[in-house]
Structures are given as C-alpha cells and as structure tokens.
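Peer 1: Quick one: sequence and predicted model below, then my questions.
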Amino acid sequence: MFNLKTLQRNKTVKYGVPMLLLIVGGSFGLREFTQIRYDAQKIRKKLDPSLEAKVDVQRQSVILQEEYEKMKEVNLDEWRNIRGPRPWEDSKECQEQQRRDTTD
C-alpha cells in the first residue's frame, strides 16, 4: 500500500516526527545535564571535617555582647553622613568641598 516515496513526501513524517524527537530527546538530555550540575554543586559544598570544625568555631566565637561593646566604643555624635558625587559632578570638587565643610 504505502511505499517509501509516499512517506518521504508526507510533511508530517518529514518535519513533524524529527521535531517531536528533538523536543522529547532534548528534554531528557537537558535533565541529564542539569543533574550533573547539581551533583557537582553538592560535592563542592562538602567541606573537609577539620576545616568544617574551624568554621564552626569561628561562627560560635561571635557573641552578641562583644559586638555590642564594640558599637558602644564608636562615637556616633560626631558621625556625619557624606554623600557621593552625582554622575554629572566632578568627584574631586565634591571631595574638596566636603573637606572644607568638615574643617569649619
């Protein structure tokens, strides 16, 4: 009934089947490549146990009370907010003007 030339002339077989194979095959291929990426990230996140112990000690050594004591030593009464120059302003002129303002 059907011969090979009839199938080759059919637009569905000629264009539709390869497109469908590309979409379905691409989906499976993409899944495999992304899985490799996530596996590599998991391996990179794992730390050496000795290094991990050092990192944990450093995290625990920061105590809220110590940070509070550091902040108490900072003199906030003399603190002044200084803005940066606008894109159209010359940065050297702004710096000179701010230096003059702080000495006054």
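Peer 2: It's in.

Peer 1: Every contact and neighbour count from this point should use C-alpha atoms.
Peer 2: Noted.

Peer 1: how about low-confidence regions in the protein?
Peer 2: Applying pLDDT under 70 to the chain flags residues 1-2, 47, 55-62, 102-104.

Peer 1: So which residues of it form helices?
Peer 2: Taking DSSP state H as the criterion, the chain contains helices spanning 4-9, 11, 17-45, 49-61, 64-73, 91-103.

Peer 1: could I get those as TSV with distance to Arg83 and mean neighbour count?
Peer 2: Supplementary listing: those in TSV, determined by distance: least, C-alpha to C-alpha, whole Å; neighbours: other C-alpha atoms under 10 Å:
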stretch	distance to Arg83	mean neighbour count
helix 4-9	72	10
helix 11	67	10
helix 17-45	39	11
helix 49-61	34	10
helix 64-73	23	10
helix 91-103	9	11
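
Peer 1: What's the separation between the most centrally placed residue in the chain and Glu69?
Peer 2: Among the residues of the chain, Gln41 comes closest to the average C-alpha position under C-alpha atoms, centre = their mean, at 13.4 Å. Relative to Glu69, Gln41 is positioned 39 Å away (C-alpha to C-alpha, to the nearest Å).

Peer 1: dump the residue contacts of the residue nearest to the centre of the chain.
Peer 2: Under the criterion of C-alpha atoms under 8 Å, 6 or more residues apart in numbering, Gln41 has no neighbours.

Peer 1: And it, how far from Gln35?
Peer 2: Distance, Gln41 to Gln35, using C-alpha to C-alpha: 10 Å.

Peer 1: How about Met71?
Peer 2: Spatial separation of Met71 from Gln35 under the definition C-alpha to C-alpha is 46 Å.
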